[in-house]
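**Student:** sharing a model prediction with you, sequence too.
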Amino acid sequence: MANMPWRSRAAAPRPPAGAPLPPPAPPGNRPALSAQEFQEIRKFIYAQAGIDLQPGKEDLVAARLGKILAGRGLRSYQEYLRQVRADAGGAMLAAMIDALTTNFTGFLREPVHFEVLRRTVLPAVDRRPRIDIWSAACSTGEEPYSIACATLEALGARAGGQVRILASDISTRALGFAREALYPAERIGGMPPDWQRKYLARDGEGKDAGWRIRPEVRRMVEFQRLNLMEPLAAGRRCPLIFLRNVMIYFDRATQEALVKRLMEQLEPGGYLLIGHSESLTGMNLGLEYVAPATYRKPGRLA
Ligand SMILES: C[S@@+](CC[C@H](N)C(=O)[O-])C[C@H]1O[C@@H](n2cnc3c(N)ncnc32)[C@H](O)[C@@H]1O
C-alpha cells in the first residue's frame, strides 16, 4: 500500500461553517447527482484508476454510488467524494472502484487463450526451472487458477514447483475472494468435469457450501493488490501476460500508455493476451498481431 498517490493528498476543504447543507435524502431514496458532481467524480476516478466515465454514464454512477451514499447516510455526492479523498486507508476508494467496475470473470473464459498457453508458450519455455506468468487484472481468481490448472495439465505435477503466477487487481474485495478460493457451484461450470475432480474439493455445509481450489493449485498463485495506473515495480519479465477485459474501462491514450509499460515486463518473443472485445489496432506499440486478442513482442522465447 506504499504507492497510493491519494494517501499523501490533503483532504478537500470542508464547506465553510454555517453554509447550508443539502437536505437529508428521504429514506430509501438517494440524492440527485448534479452535472458538476458527475464531472468531479469523473475526474477523480480517472486520476486514481484510469477509469473513463464517459458522459451518458450519469445514471450508472448515480445508481451504483447512490447505494453507498444511502448506506452511509450521506446527503450529497460532494460530501461522499470529500470522505473518499480524506480516507487515508483507501478502503472507501476501493469500494468506489468496485462499485464502478465489474469483476465478471470465469474459469477458462475465452478458452482459445489457454490453447496459446498450452501449444505455443509452454513448449518454448518448459525446460526452464521457473516460468513466470502474470494475470494483470485477475478479479476473483478464476483466471489465474485456470492458468495454474492448465499448466498442471500440460506439464504434470512438476508445474507446481516450476510455474509462478502473479495475480494482481486493484480491487481488495475481489482479491479477498480470490485468496479464499471458494466458489459456489454455479461458478465452476466453465471447468471441465475432470478438472473439477482433480483441482476442486467440496467445502462447507448448506448455503455456505462450495468448491475450494486444492492447495497444490493455490500455492502456484501469488495475489497482490496493484493499480495498473501506478508505476509498475520492475519485476521478473514474463513470457506471458494476461491483460484481459480491463482496458474496456480506459480511454485509448491510457490503454496505449499501459500496454507500452507492460511490454517492459514481457520477454522478447513473449505473448500479451487481451480480451476479445478489446483491440490494439492503430496503436504504435511494436507488438506483432498473432491472432484475435493475441500479440507477441518481437524476438524469440529462449
Ligand atoms: C471484468 S474483470 C476481468 C477479469 C479477468 N481478467 C477476465 O478477463 O475474466 C476487470 C477487473 O479489472 C480490475 N481493474 C479495473 N481497473 C483497474 C486498475 N486500474 N488496475 C488494476 N485492475 C483494475 C477490476 O477490479 C476487475 O476485477
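**Tutor:** Perfect, I can see it now.
**Student:** interface residues of the stretch 1-150 of the chain facing the ligand?
**Tutor:** Contact residues, the stretch 1-150 of the chain versus the ligand (CB under 6 Å from any ligand atom): 49-50, 101-105, 109, 137, 139, 143. C-beta coordinates here come from the backbone N, C-alpha and C atoms, glycine included.
**Student:** show the buried residues in the residues you listed.
**Tutor:** Buried members of those, scored by 16 or more other CB atoms under 10 Å, are 49-50, 101, 103, 105, 109, 137, 139, 143.
**Student:** and these as JSON lines, adding pLDDT and secondary structure?
**Tutor:** JSON lines is the format used below for these (pLDDT from 0 to 100; DSSP: H, G, I helix; E, B strand; the rest coil):
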{"residue": "Ala49", "pLDDT": "96", "secondary structure": "helix"}
{"residue": "Gly50", "pLDDT": "97", "secondary structure": "coil"}
{"residue": "Thr101", "pLDDT": "93", "secondary structure": "coil"}
{"residue": "Asn103", "pLDDT": "93", "secondary structure": "coil"}
{"residue": "Thr105", "pLDDT": "98", "secondary structure": "coil"}
{"residue": "Arg109", "pLDDT": "98", "secondary structure": "coil"}
{"residue": "Ala137", "pLDDT": "98", "secondary structure": "coil"}
{"residue": "Ser139", "pLDDT": "98", "secondary structure": "coil"}
{"residue": "Glu143", "pLDDT": "98", "secondary structure": "helix"}
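**Student:** possible to save those residues as TSV with distance to Ser277?
**Tutor:** Output for these, formatted as TSV (distance: CB to CB, whole Å):
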residue	distance to Ser277
Ala49	20
Gly50	18
Thr101	15
Asn103	16
Thr105	14
Arg109	12
Ala137	14
Ser139	15
Glu143	15
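**Student:** which one of those residues sits closest to Leu69?
**Tutor:** Checking those against Leu69 by CB to CB gives Thr101 as the nearest, at 18.0 Å.
**Student:** what residues are up against the closest one?
**Tutor:** 51, 171, 249 (CB atoms under 8 Å, 6 or more residues apart in numbering).
**Student:** Ile45 is in contact with the first one, correct?
**Tutor:** Yes - in this structure, Ile51 sits in contact with Ile45. The criterion is CB atoms under 8 Å, and the distance is 4.8 Å.
**Student:** could you name every residue contacting both of those two?
**Tutor:** Common neighbours of Ile51 and Ile45 (CB under 8 Å, 6+ apart) are 97, 100.
**Student:** that older thread, out of the contacts of Thr101, which end up buried?
**Tutor:** Buried by 16+ other CB under 10 Å: 51, 171, 249, out of those.
**Student:** which of those residues lies closest to Glu222?
**Tutor:** Distances from Glu222 to the buried ones among the contacts of Thr101, taken by CB to CB, are shortest for Ser171, at 16.4 Å.
**Student:** any idea how far Ser146 is from that closest one?
**Tutor:** As judged by CB to CB, to the nearest Å, Ser171 and Ser146 stand 18 Å apart.
**Student:** what of Met247?
**Tutor:** 20 Å.
**Student:** max-length strand in the chain?
**Tutor:** strand 266-274 (DSSP state E).
**Student:** alpha carbons only: can I get stretch 76-83 in CSV?
**Tutor:** Listed next in CSV are the C-alpha coordinates belonging to stretch 76-83 (Å, rounded to 0.1, in the frame of the first residue of the first chain):
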residue,chain,number,x,y,z
SER,A,76,-24.6,14.6,-1.3
TYR,A,77,-22.0,13.2,-3.7
GLN,A,78,-19.8,16.1,-2.8
GLU,A,79,-19.7,15.0,0.8
TYR,A,80,-19.1,11.4,-0.3
LEU,A,81,-16.2,12.5,-2.5
ARG,A,82,-14.7,14.5,0.3
GLN,A,83,-14.8,11.5,2.6
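**Student:** which of the contacts of Thr101 fall within helices?
**Tutor:** Members of the contacts of Thr101 lying in helices (criterion: DSSP state H): none.
**Student:** same list, those residues, but as CSV with pLDDT and distance to Ala185 please.
**Tutor:** Putting the contacts of Thr101 into CSV (pLDDT from 0 to 100; distance: CB to CB, whole Å) gives the following:
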residue, pLDDT, distance to Ala185
Ile51, 97, 32
Ser171, 94, 23
Tyr249, 96, 30
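**Student:** out of those residues, who's nearest the ligand?
**Tutor:** Set against the ligand, the nearest of the contacts of Thr101 by CB to the nearest ligand atom is Ser171 (3.6 Å).
**Student:** now the strands for the chain?
**Tutor:** Under DSSP E, the chain gives strands at 131-135, 163-169, 182-183, 200-203, 210-213, 221-225, 238-243, 266-274, 288-291, 294-296.
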